[in-house]
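Undergrad: Show me the folded form of this:
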Amino acid sequence: MSNIYIGYHFTIEPKELGSEILIAELGEKAFESFTETANGVSAFVQKDLWDEMILNDIQILQSEEFTIDYIFEEIEQVNWNEEWEKNFEAINVDGNCHVRAPFHPKTNAEYDIVIEPKMSFGTGHHETTHMMIQHLLEMDVAGMKTLDMGCGTAILAILAEMKGALPIDAIDIDNWCYLNSIENAERNKCTHISVYEGDAALLQGKKYDLIIANINRNILLNDMQSYVDCLNTNGTLLLSGFYQEDIPFIDTSCTEKGLTFVKKLERNNWSSLKFVN
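TA: The predicted structure is shown next:
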């Protein structure tokens, strides 16, 4: 394997949605790691697998909805652990749950989750994951059939299993997240998590007692009916991945479909909502 990489540094406006789409498209190429930056994202590809035409059919670069600029450089001896360490901040929720990478020190938290992310997290990941963990810590999920939709690194699915939920489906449309979720479930000795690559189309005919969806406003609104259709009577829906100003849109969508609002959490302008069926 080559130790020489080509690093692309993208500035993206609007950043959040643009970064998600760009990473998804680049992931179909030979790019193998991504890190979030203040204004966009950096992407890395082995020089042996790179050519000057690699971005030619990346559709978002031609989109009028986004303004994207980039520079690229040759980088030798990329230390991925160092990159992850710079870009992955451990999550500590009330001393009860600690989400960390292998290079972070272990704490005395009751729930110690170790993940090794293969890419940096998008804007707001720390805040939204923190709030979703808060919800889960407050709940008795033992025996609940659970869905972690847009599972990312499967942090929430792993915590749900640690708290006794089973069985658990974890779904993500991104191949990197799918593979990383499998690795992280195994790393945390989880035996009740099934990971799938795909979207809400996989939910047809499924039923859950608890649905966790930490994605973004547009996808949540688009797929809300699928979530409601899958939710058992008295089931719980936990949502995050959106801003405080998005709450009326999410709340209206849920209540129009028969759900009852229970609780709101907010953290650095990010929000999380809890509903029951």
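
Undergrad: For the rest of this, base every contact and every neighbour count on C-alpha atoms.
TA: Noted.

Undergrad: In the stretch 1-150 of the chain, what residue spans correspond to strands?
TA: In the stretch 1-150 of the chain, the segments counted as strands under DSSP state E, counting those that start in this stretch are 4-13, 33-36, 40-46, 67-76, 91-93, 97-100, 111-114, 146-149.

Undergrad: so where do the helices sit in the chain?
TA: Using DSSP state H, the helices of the chain run over 15-26, 80-87, 125-138, 155-162, 175-187, 217-230, 247-256.

Undergrad: rank these by mean pLDDT and give me the bottom one.
TA: Of all the helices of the chain, the minimum mean pLDDT falls on helix 80-87 (a mean of 62).

Undergrad: And the pLDDT at Ser2?
TA: pLDDT, read off for Ser2, is 51.

Undergrad: Same question for Ser33.
TA: 77.

Undergrad: Wait, Thr128 touches Trp270, no?
TA: Yes. Contact criterion CA atoms under 8 Å: Thr128 and Trp270 qualify, at 6.6 Å.

Undergrad: the more surrounded of the two?
TA: Thr128 (25 against 21; other CA atoms under 10 Å).

Undergrad: that older thread, tell me the most buried of the strands of the stretch 1-150 of the chain?
TA: When the strands of the stretch 1-150 of the chain are scored by mean count of other CA atoms under 10 Å, the highest mean neighbour count falls to strand 146-149 (a mean of 28).

Undergrad: In contact with Gly205, which residues are there?
TA: By CA atoms under 8 Å, 6 or more residues apart in numbering, the contact set of Gly205 is Cys230.

Undergrad: Quick check: the gap between it and Ile193.
TA: 19 Å (CA to CA, to the nearest Å).

Undergrad: Also Leu166?
TA: 8 Å.

Undergrad: Of the two, give the one with the bigger neighbour count.
TA: Using other CA under 10 Å as the criterion, Leu166 and Ile193 rank with Ile193 on top: 24 against 21.

Undergrad: Sketch out the low-pLDDT regions of the stretch 1-150 of the chain for me.
TA: 1-3, 77-87, 118-124 (pLDDT under 70).

Undergrad: hang on, the earlier thing: go through the helices of the chain and name the closest to Ala101.
TA: helix 80-87 (7.9 Å; CA to CA).

Undergrad: Leaving out the residues flanking it, which one is nearest to the residue positioned nearest the centre of the chain?
TA: For the chain, Gly152 is the residue whose C-alpha lies nearest the centre (CA atoms, centre = their mean; 3.4 Å). Leaving out its chain neighbours, the residue that sits closest to Gly152 by CA to CA, 6 or more residues apart in numbering is Cys177, at 5.0 Å.

Undergrad: Quick one: residues contacting that neighbour.
TA: Per CA under 8 Å, 6+ apart, neighbours of Cys177: 151-153.

Undergrad: Including pLDDT and distance to Asp209, could those go into TSV?
TA: TSV is the format used below for these (pLDDT from 0 to 100; distance: CA to CA, whole Å):
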residue	pLDDT	distance to Asp209
Cys151	93	17
Gly152	88	21
Thr153	90	22
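
Undergrad: what would those residues look like in a markdown table with distance to Val262?
TA: Output for those, formatted as a markdown table (distance: CA to CA, whole Å):
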| residue | distance to Val262 |
| --- | --- |
| Cys151 | 23 |
| Gly152 | 25 |
| Thr153 | 27 |
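
Undergrad: Among those, pick out the one closest to Ala160, please.
TA: Distances from Ala160 to the contacts of Cys177, taken by CA to CA, are shortest for Cys151, at 12.0 Å.
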